[in-house]
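> Need a 3D model of the sequence below.
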Amino acid sequence: MLSKSQISLLTSLQHKKFRREHGFFLVEGYKSVVEFTGSRYQVDTVYHTGAIAPKMLNLSRKINFQEISVKDIEKISTLKTPQEVIGLVKIPIWPTLNYDSLKHRFSLVLDNIQDPGNMGTIIRTADWFGINDIICSEGTVDVYNPKVVQATMGSLARVNVHYTNLAQALPQIKLPIFGAMLDGENIYNTAFGTEGLLVMGNEGNGISTDIERLITTKITIPRAGQAESLNVAIATAVLCSEIKRNSMK
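Coordinates of the predicted model:
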């Protein structure tokens, strides 16, 4: 049974302020928790119901395990239909990103992405296409937001997400910068090469003016129908697919 103080701590982690204050975030669902236990992240405690207790034997003994009631799971879960496993994971302090490490491959740059679902899907997409690093503006949604973590389906455990001042950082990264924009060149006619940065802009406003100035090649997904625009997560997947296809020629 969870104490009132434990419940208070765990529910507070739904908010960025308290995630920063306590240095933890939550991961929900057995499969996602397994992903984090096998990663560089430190899983502090796994809360689980009695029904799923036998599966806990598959996880590292270095983790604290606490069996709790379904009612307690419902109290601390952020989901309408709670999972039977919730992991308390320590927020890591990653070393400063070495820009030279970005050479000879592609990385994503997110300029003020706001929707947690989009952010999580982009991280999962990056994982699918083997993109290791995502560089985010300081105004991009917090990667440890519960909705972001849930949408990544465990991929957050494998993708490095960095936050920085993009206007200051991008000029220091000596790589081609491709920006997704409506007035860009057709991606199917674009020579992407084998390295670079792919910039994706805000859901409503696109790429900000100060970042647009730094783009070396504007690109667009050609429209065949009447839709005004593509969801940013879907657009990211299409662009990553084309970049990957180009690299395999």
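> Return stretch 66-82 as CSV; C-alpha atoms alone will do.
Written as CSV, here are the backbone C-alpha positions of stretch 66-82 (Å, rounded to 0.1, in the frame of the first residue of the first chain):
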residue,chain,number,x,y,z
GLN,A,66,6.7,-2.6,-4.6
GLU,A,67,3.5,-4.5,-5.0
ILE,A,68,0.5,-2.2,-4.7
SER,A,69,-3.2,-2.4,-5.1
VAL,A,70,-5.1,-1.7,-8.3
LYS,A,71,-6.6,1.3,-6.5
ASP,A,72,-3.2,2.7,-5.8
ILE,A,73,-2.1,2.2,-9.4
GLU,A,74,-5.2,4.1,-10.5
LYS,A,75,-4.3,7.0,-8.1
ILE,A,76,-0.8,7.5,-9.5
SER,A,77,-1.4,6.6,-13.2
THR,A,78,-1.9,9.4,-15.8
LEU,A,79,-3.9,7.1,-18.1
LYS,A,80,-7.6,6.6,-18.3
THR,A,81,-7.0,2.9,-18.4
PRO,A,82,-4.0,2.4,-16.1
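> From the chain's centre, how far out is it? Work that out for me.
24 Å (C-alpha atoms, centre = their mean, to the nearest Å).
> If we go by neighbour counts, what in that stretch is buried?
In terms of neighbour count (16 or more other C-beta atoms under 10 Å), stretch 66-82 has its buried residues at Ile68, Asp72, Ile73, Ile76, Ser77, Thr78, Pro82. Where C-beta positions appear, they are placed from N, C-alpha and C, glycine not excepted.
> before we move on, what about stretch 4-22?
Here stretch 4-22 shows Gln6, Leu9, Leu10, Leu13, Gln14, Phe18, Arg19 as buried, counting by 16+ other C-beta under 10 Å.
> Quickly name whichever of the residues you listed is closest to Gln226.
Gln14 (39.0 Å; C-beta to C-beta).
> What pLDDT is listed against the closest one?
As predicted, Gln14 sits at a pLDDT of 97.
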